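S.K.: got a predicted structure here, sequence first:
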Amino acid sequence: MSITVVQEPEWERQVDTEPRPTRLLMCAPTQYALRYEINPWMVLENQPDLPLATRQWQELYRILTEQVGAQVELIEQAPEAPDMVFTANAGLVRGRYVLLANFRHPQRQVEEPHFRRWFEENGYHVQLLPVGCKFEGEGDALFVGDTLVAGYLKRSDICSHRHLSDYLAVPVLSLELVDDRWYHLDTCLFALSADTVVYYPGAFDAYARTVIQNHFETIEVCEEEALRFACNSVVIGNQVVMPAGCPRIASRLEARGYRVHSVDLSEFLKAGGAAKCLTLFLR
Ligand code: ARG
(Lines give C-alpha, C1' and ligand atoms only; values in the text may rest on other atoms or scores of the structure.)
Protein backbone atom coordinates (compact mmCIF):
# COMPACT_ATOMS: atom_id res chain seq x y z
CA MET A 1 0.00 0.00 0.00
CA SER A 2 1.18 3.49 -0.61
CA ILE A 3 1.14 6.48 1.64
CA THR A 4 -0.02 9.77 0.14
CA VAL A 5 2.28 12.48 1.31
CA VAL A 6 0.52 15.64 2.35
CA GLN A 7 2.02 17.93 -0.31
CA GLU A 8 1.03 21.34 0.82
CA PRO A 9 0.02 20.95 4.41
CA GLU A 10 -3.13 22.80 5.23
CA TRP A 11 -1.76 23.71 8.65
CA GLU A 12 0.99 25.69 6.96
CA ARG A 13 -1.43 27.52 4.69
CA GLN A 14 -3.70 28.63 7.46
CA VAL A 15 -2.98 32.13 8.60
CA ASP A 16 -4.40 32.76 12.04
CA THR A 17 -6.02 36.12 12.43
CA GLU A 18 -6.95 35.48 16.04
CA PRO A 19 -6.07 32.64 18.39
CA ARG A 20 -8.54 29.78 18.14
CA PRO A 21 -9.33 27.45 21.04
CA THR A 22 -7.60 24.10 21.18
CA ARG A 23 -9.98 21.39 19.98
CA LEU A 24 -10.09 17.99 21.62
CA LEU A 25 -11.98 14.77 20.97
CA MET A 26 -13.43 12.98 23.99
CA CYS A 27 -15.83 10.07 24.56
CA ALA A 28 -18.10 9.96 27.62
CA PRO A 29 -17.84 6.65 29.50
CA THR A 30 -21.36 5.36 28.86
CA GLN A 31 -20.14 1.82 28.10
CA TYR A 32 -16.90 1.89 30.04
CA ALA A 33 -15.93 -1.33 31.90
CA LEU A 34 -13.10 -3.83 32.23
CA ARG A 35 -13.91 -6.80 30.00
CA TYR A 36 -10.35 -7.97 29.20
CA GLU A 37 -6.78 -7.48 30.41
CA ILE A 38 -4.32 -6.06 27.89
CA ASN A 39 -1.99 -4.15 30.20
CA PRO A 40 -0.79 -4.75 33.78
CA TRP A 41 -3.19 -2.16 35.22
CA MET A 42 -6.24 -4.05 34.03
CA VAL A 43 -7.38 -6.68 36.54
CA LEU A 44 -10.88 -8.03 35.93
CA GLU A 45 -11.59 -8.33 39.66
CA ASN A 46 -10.89 -4.59 40.02
CA GLN A 47 -13.88 -3.21 38.09
CA PRO A 48 -14.36 0.55 37.76
CA ASP A 49 -17.31 2.11 39.54
CA LEU A 50 -19.24 3.49 36.53
CA PRO A 51 -21.13 6.31 38.31
CA LEU A 52 -17.83 7.47 39.87
CA ALA A 53 -16.01 7.16 36.53
CA THR A 54 -18.75 9.27 34.95
CA ARG A 55 -18.35 12.01 37.58
CA GLN A 56 -14.55 11.95 37.17
CA TRP A 57 -14.84 12.20 33.38
CA GLN A 58 -17.35 15.07 33.71
CA GLU A 59 -14.95 16.92 36.00
CA LEU A 60 -12.13 16.47 33.47
CA TYR A 61 -14.48 17.75 30.74
CA ARG A 62 -15.51 20.72 32.90
CA ILE A 63 -11.91 21.71 33.66
CA LEU A 64 -10.87 21.43 30.03
CA THR A 65 -13.81 23.44 28.70
CA GLU A 66 -14.53 25.95 31.47
CA GLN A 67 -11.12 26.52 33.04
CA VAL A 68 -8.65 25.77 30.27
CA GLY A 69 -10.86 27.07 27.46
CA ALA A 70 -10.63 24.03 25.17
CA GLN A 71 -13.37 23.21 22.69
CA VAL A 72 -14.33 19.55 23.14
CA GLU A 73 -15.94 17.45 20.40
CA LEU A 74 -17.65 14.23 21.43
CA ILE A 75 -17.89 10.76 19.92
CA GLU A 76 -20.46 8.29 21.21
CA GLN A 77 -19.09 5.17 22.87
CA ALA A 78 -19.87 1.92 21.06
CA PRO A 79 -21.23 -0.89 23.29
CA GLU A 80 -18.63 -3.40 22.09
CA ALA A 81 -15.72 -1.01 22.80
CA PRO A 82 -15.24 -0.48 26.57
CA ASP A 83 -11.86 1.26 26.07
CA MET A 84 -13.14 3.72 23.45
CA VAL A 85 -13.11 6.44 26.15
CA PHE A 86 -9.34 6.58 25.55
CA THR A 87 -9.67 8.70 22.41
CA ALA A 88 -5.93 9.49 22.36
CA ASN A 89 -5.49 6.13 20.68
CA ALA A 90 -7.85 6.89 17.77
CA GLY A 91 -5.10 8.24 15.54
CA LEU A 92 -2.76 11.17 15.08
CA VAL A 93 -4.27 14.39 13.75
CA ARG A 94 -2.46 17.19 11.96
CA GLY A 95 -4.56 19.92 10.35
CA ARG A 96 -7.42 18.18 8.52
CA TYR A 97 -5.42 14.97 8.16
CA VAL A 98 -5.51 11.94 10.42
CA LEU A 99 -3.39 8.82 10.43
CA LEU A 100 -5.83 6.27 11.82
CA ALA A 101 -4.79 3.78 14.53
CA ASN A 102 -4.09 0.11 13.80
CA PHE A 103 -4.64 -1.32 17.25
CA ARG A 104 -2.44 -4.19 18.42
CA HIS A 105 -5.16 -6.04 20.33
CA PRO A 106 -8.34 -7.38 18.67
CA GLN A 107 -10.26 -6.14 21.72
CA ARG A 108 -9.51 -2.57 20.64
CA GLN A 109 -9.55 -3.09 16.86
CA VAL A 110 -13.37 -2.86 17.09
CA GLU A 111 -12.92 0.87 17.77
CA GLU A 112 -11.30 1.59 14.40
CA PRO A 113 -14.48 1.81 12.23
CA HIS A 114 -16.17 4.08 14.79
CA PHE A 115 -13.28 6.53 14.92
CA ARG A 116 -12.87 6.35 11.14
CA ARG A 117 -16.53 7.26 10.64
CA TRP A 118 -16.26 10.16 13.07
CA PHE A 119 -13.23 11.59 11.27
CA GLU A 120 -14.82 11.18 7.83
CA GLU A 121 -18.08 12.76 8.93
CA ASN A 122 -16.16 15.66 10.40
CA GLY A 123 -14.23 16.46 7.24
CA TYR A 124 -10.87 14.81 7.93
CA HIS A 125 -8.74 13.08 5.29
CA VAL A 126 -8.21 9.61 6.73
CA GLN A 127 -4.93 7.83 5.99
CA LEU A 128 -4.54 4.13 6.79
CA LEU A 129 -1.33 2.31 7.63
CA PRO A 130 -0.50 -1.18 6.28
CA VAL A 131 -2.49 -3.70 8.34
CA GLY A 132 0.57 -5.41 9.77
CA CYS A 133 2.03 -2.16 11.05
CA LYS A 134 0.58 -1.45 14.47
CA PHE A 135 0.09 2.13 15.58
CA GLU A 136 -1.91 3.43 18.56
CA GLY A 137 -2.30 7.08 17.64
CA GLU A 138 -1.44 9.96 19.91
CA GLY A 139 -0.93 7.45 22.71
CA ASP A 140 2.40 6.68 21.04
CA ALA A 141 3.18 9.79 18.99
CA LEU A 142 3.24 13.35 20.22
CA PHE A 143 4.68 16.61 19.01
CA VAL A 144 7.38 18.44 20.93
CA GLY A 145 7.56 21.65 18.94
CA ASP A 146 7.83 20.49 15.31
CA THR A 147 9.45 17.17 16.18
CA LEU A 148 7.30 14.09 16.45
CA VAL A 149 8.36 11.88 19.34
CA ALA A 150 7.14 8.31 18.92
CA GLY A 151 7.18 5.24 21.16
CA TYR A 152 7.39 1.64 20.00
CA LEU A 153 7.59 -1.99 21.10
CA LYS A 154 4.68 -2.39 23.49
CA ARG A 155 1.79 -1.27 21.28
CA SER A 156 3.04 0.56 18.19
CA ASP A 157 5.55 -0.99 15.78
CA ILE A 158 8.63 0.96 14.77
CA CYS A 159 7.58 0.57 11.10
CA SER A 160 4.79 3.06 11.82
CA HIS A 161 7.36 5.78 12.46
CA ARG A 162 8.56 5.86 8.87
CA HIS A 163 4.97 6.21 7.68
CA LEU A 164 4.39 9.02 10.18
CA SER A 165 7.49 10.82 9.00
CA ASP A 166 6.65 10.37 5.30
CA TYR A 167 3.01 11.30 5.64
CA LEU A 168 3.40 14.32 7.87
CA ALA A 169 6.80 15.36 6.46
CA VAL A 170 8.23 15.80 9.95
CA PRO A 171 11.29 14.41 11.72
CA VAL A 172 10.47 11.52 14.06
CA LEU A 173 12.44 10.48 17.14
CA SER A 174 11.84 6.80 17.92
CA LEU A 175 11.89 5.85 21.59
CA GLU A 176 11.85 2.27 22.87
CA LEU A 177 9.54 1.53 25.80
CA VAL A 178 10.83 -1.18 28.12
CA ASP A 179 8.38 -1.50 31.03
CA ASP A 180 4.88 -2.98 30.55
CA ARG A 181 3.40 -0.57 33.08
CA TRP A 182 4.22 2.37 30.80
CA TYR A 183 3.11 0.72 27.58
CA HIS A 184 2.19 3.88 25.64
CA LEU A 185 4.49 6.87 25.21
CA ASP A 186 1.87 9.18 26.71
CA THR A 187 2.00 7.22 29.98
CA CYS A 188 5.64 8.22 30.54
CA LEU A 189 6.31 11.49 28.64
CA PHE A 190 4.56 14.73 27.80
CA ALA A 191 5.61 17.94 26.10
CA LEU A 192 5.51 20.90 28.46
CA SER A 193 6.56 23.34 25.73
CA ALA A 194 8.20 23.31 22.31
CA ASP A 195 11.55 22.37 23.84
CA THR A 196 10.82 20.82 27.23
CA VAL A 197 9.51 17.36 28.11
CA VAL A 198 8.39 15.90 31.42
CA TYR A 199 9.19 12.17 31.55
CA TYR A 200 9.82 9.09 33.66
CA PRO A 201 13.28 7.74 32.69
CA GLY A 202 12.57 4.20 33.98
CA ALA A 203 10.09 3.59 31.16
CA PHE A 204 12.72 3.97 28.42
CA ASP A 205 15.79 2.05 27.33
CA ALA A 206 19.19 3.69 27.80
CA TYR A 207 19.44 4.84 24.19
CA ALA A 208 15.99 6.46 24.28
CA ARG A 209 16.95 8.30 27.46
CA THR A 210 20.05 9.66 25.71
CA VAL A 211 17.97 10.75 22.71
CA ILE A 212 15.50 12.56 24.98
CA GLN A 213 18.28 14.33 26.89
CA ASN A 214 20.11 15.31 23.71
CA HIS A 215 17.07 16.87 22.08
CA PHE A 216 15.11 18.49 24.88
CA GLU A 217 15.28 20.19 28.18
CA THR A 218 13.96 17.57 30.59
CA ILE A 219 12.06 17.41 33.87
CA GLU A 220 12.06 14.00 35.55
CA VAL A 221 9.08 12.50 37.32
CA CYS A 222 9.76 10.13 40.26
CA GLU A 223 8.53 6.52 40.09
CA GLU A 224 5.85 7.05 42.72
CA GLU A 225 4.17 9.81 40.68
CA ALA A 226 4.85 8.07 37.37
CA LEU A 227 2.82 5.17 38.79
CA ARG A 228 -0.01 7.65 39.39
CA PHE A 229 0.24 8.60 35.71
CA ALA A 230 1.76 12.06 36.28
CA CYS A 231 3.08 11.90 32.71
CA ASN A 232 -0.43 11.38 31.35
CA SER A 233 -1.15 15.10 31.46
CA VAL A 234 -2.76 17.49 28.99
CA VAL A 235 -0.90 20.74 28.33
CA ILE A 236 -2.70 23.68 26.74
CA GLY A 237 -0.75 26.93 26.78
CA ASN A 238 0.47 27.42 30.33
CA GLN A 239 -2.15 25.12 31.87
CA VAL A 240 -1.56 21.49 32.76
CA VAL A 241 -4.38 19.06 33.53
CA MET A 242 -2.90 16.23 35.56
CA PRO A 243 -4.18 13.16 37.41
CA ALA A 244 -4.48 13.68 41.17
CA GLY A 245 -1.81 12.49 43.59
CA CYS A 246 1.24 14.01 41.91
CA PRO A 247 2.10 16.99 44.17
CA ARG A 248 5.85 16.93 43.56
CA ILE A 249 5.77 17.35 39.81
CA ALA A 250 2.78 19.70 40.12
CA SER A 251 4.68 22.11 42.36
CA ARG A 252 7.73 22.02 40.09
CA LEU A 253 5.58 23.01 37.15
CA GLU A 254 3.85 25.72 39.19
CA ALA A 255 7.27 27.11 40.11
CA ARG A 256 7.86 27.53 36.36
CA GLY A 257 4.67 29.54 36.00
CA TYR A 258 2.28 26.80 34.89
CA ARG A 259 -1.24 26.53 36.28
CA VAL A 260 -1.82 22.91 37.29
CA HIS A 261 -5.31 21.39 37.58
CA SER A 262 -5.43 18.02 39.37
CA VAL A 263 -8.28 15.63 38.61
CA ASP A 264 -9.06 12.37 40.38
CA LEU A 265 -9.18 9.75 37.64
CA SER A 266 -8.89 6.63 39.82
CA GLU A 267 -11.53 4.71 37.84
CA PHE A 268 -9.64 5.17 34.57
CA LEU A 269 -6.29 4.20 36.10
CA LYS A 270 -7.90 0.77 36.56
CA ALA A 271 -7.77 0.44 32.76
CA GLY A 272 -4.30 1.98 32.50
CA GLY A 273 -5.31 5.49 31.46
CA ALA A 274 -5.71 9.03 32.78
CA ALA A 275 -6.12 12.63 31.56
CA LYS A 276 -4.14 12.48 28.31
CA CYS A 277 -5.48 9.08 27.28
CA LEU A 278 -9.02 10.48 27.58
CA THR A 279 -8.33 13.28 25.06
CA LEU A 280 -7.16 13.55 21.47
CA PHE A 281 -5.84 16.80 20.04
CA LEU A 282 -7.72 17.92 16.91
CA ARG A 283 -5.34 20.52 15.57
N1 ARG B 1 -7.07 -0.03 28.45
C2 ARG B 1 -6.51 0.75 27.41
C3 ARG B 1 -5.47 -0.04 26.66
O4 ARG B 1 -4.77 -0.80 27.27
C5 ARG B 1 -5.93 2.02 27.96
C6 ARG B 1 -5.43 2.96 26.91
C7 ARG B 1 -4.73 4.16 27.48
N8 ARG B 1 -4.45 5.08 26.45
C9 ARG B 1 -3.31 5.79 26.33
N10 ARG B 1 -3.26 6.70 25.41
N11 ARG B 1 -2.26 5.55 27.07
O12 ARG B 1 -5.33 0.05 25.48
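M.R.: Thanks, I have the structure now. Numbering: from 1, shown residues only.
S.K.: break down the stretch 101-250 of the chain into its helices, ranges please.
M.R.: Secondary structure of the stretch 101-250 of the chain (DSSP state H, counting those that start in this stretch): helices located at 106-109, 112-121, 159-168, 206-215, 223-226, 247-255.
S.K.: centre of the chain to the fifth one, how far?
M.R.: In other words, helix 223-226. Taking Cα atoms, centre = their mean, to the nearest Å, the mean C-alpha location of helix 223-226 is offset from the chain mean by 18 Å.
S.K.: got it, and the first one?
M.R.: Taking the mean of its C-alpha atoms, helix 106-109 sits 18 Å from the chain's own mean (Cα atoms, centre = their mean).
S.K.: same check on the last one?
M.R.: On the basis of Cα atoms, centre = their mean, the separation between the geometric centre of helix 247-255 and that of its chain is 21 Å.
S.K.: mind listing what's buried in that helix?
M.R.: 249-250, 253 (16 or more other Cβ atoms under 10 Å). Where you see a C-beta, it was placed from the backbone N, CA and C, and this is true even at glycine.
S.K.: possible to save these as CSV with pLDDT and distance to Leu128?
M.R.: Output for those, formatted as CSV (pLDDT from 0 to 100; distance: Cβ to Cβ, whole Å):
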residue, pLDDT, distance to Leu128
Ile249, 98, 37
Ala250, 98, 39
Leu253, 98, 37
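S.K.: make a markdown table out of the residues you listed and add distance to Ala194.
M.R.: Output for the buried residues of helix 247-255, formatted as a markdown table (distance: Cβ to Cβ, whole Å):
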| residue | distance to Ala194 |
| --- | --- |
| Ile249 | 19 |
| Ala250 | 21 |
| Leu253 | 16 |
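S.K.: by proximity to the ligand, which residue of the stretch 101-250 of the chain wins?
M.R.: Residue of the stretch 101-250 of the chain nearest the ligand, by Cβ to the nearest ligand atom: Gly139 (3.0 Å).
S.K.: wait, that residue touches Asp186, no?
M.R.: Yes - here Gly139 lies in contact with Asp186, judged by Cβ atoms under 8 Å, at a distance of 5.1 Å.
S.K.: overlap in contacts, these two.
M.R.: Residues touching both Gly139 and Asp186 (Cβ atoms under 8 Å, 6 or more residues apart in numbering): 88, 277.
S.K.: low-scoring stretches of the stretch 101-250 of the chain, by residue?
M.R.: Judged by pLDDT under 70, the stretch 101-250 of the chain has no weakly predicted residues.
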